[in-house]
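Enquirer: Fold the following and give me the result.
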Amino acid sequence: MKTEFKIGEELQFGLIKLKCVKSDNECDGCFLDVFIDLNICHLIGKCSRSSRSDGNSVKFIENK
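Expert: Alright, predicted model coming up:
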């Protein structure tokens, strides 16, 4: 199972395409933030700088 998406990498989330982008505040503006109570965001991959191998915080945005 993939645990980390690279910045700029795209992924399919159901019928929606998401893109991993660099973020100063990983949850602010993240598409998955609406699911925070369900802990779904943690199933997608690591997003905080302290848990990522590249040391960057990321968020996932809809990629139309």
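Enquirer: Run through the residues that contact the nearest residue to Ile16 once chain neighbours are set aside.
Expert: Nearest residue to Ile16, sequence neighbours excluded (CB to CB, 6 or more residues apart in numbering): Glu62, at 6.0 Å. Every residue, glycine included, has its C-beta placed from N, CA and C. Contacts of Glu62 were listed using CB atoms under 8 Å, 6 or more residues apart in numbering, and they are Ile16, Lys17, Leu18, Lys19, Phe31.
Enquirer: Quick check: Glu62 vs Asp24, distance?
Expert: To Asp24, Glu62 is 19 Å away according to CB to CB, to the nearest Å.
Enquirer: Check Phe5 too.
Expert: For Phe5, the distance to Asp24 equals 18 Å [CB to CB].
Enquirer: next one: Arg52
Expert: Arg52 is 14 Å from Asp24, by CB to CB.
Enquirer: Which residue ranges of this structure form strands?
Expert: Under the criterion DSSP state E, the chain contains strands at 10-13, 16-22, 58-62.
Enquirer: Return the most buried member of these.
Expert: Each of the strands of the chain was scored by mean neighbour count; the highest is strand 58-62, a mean of 20, by mean count of other CB atoms under 10 Å.
Enquirer: That one pairs with which strands?
Expert: Strand 58-62 has the following sheet partners, assigned by DSSP bridges: strand 16-22 (antiparallel).
Enquirer: so where's this protein uncertain?
Expert: Scanning the chain for pLDDT under 70 picks out 1, 36-39.
Enquirer: so what's Cys30 up against?
Expert: Residues counted as contacts of Cys30 (CB under 8 Å, 6+ apart) are Ser23, Cys41, Cys47, Lys59, Phe60, Ile61.
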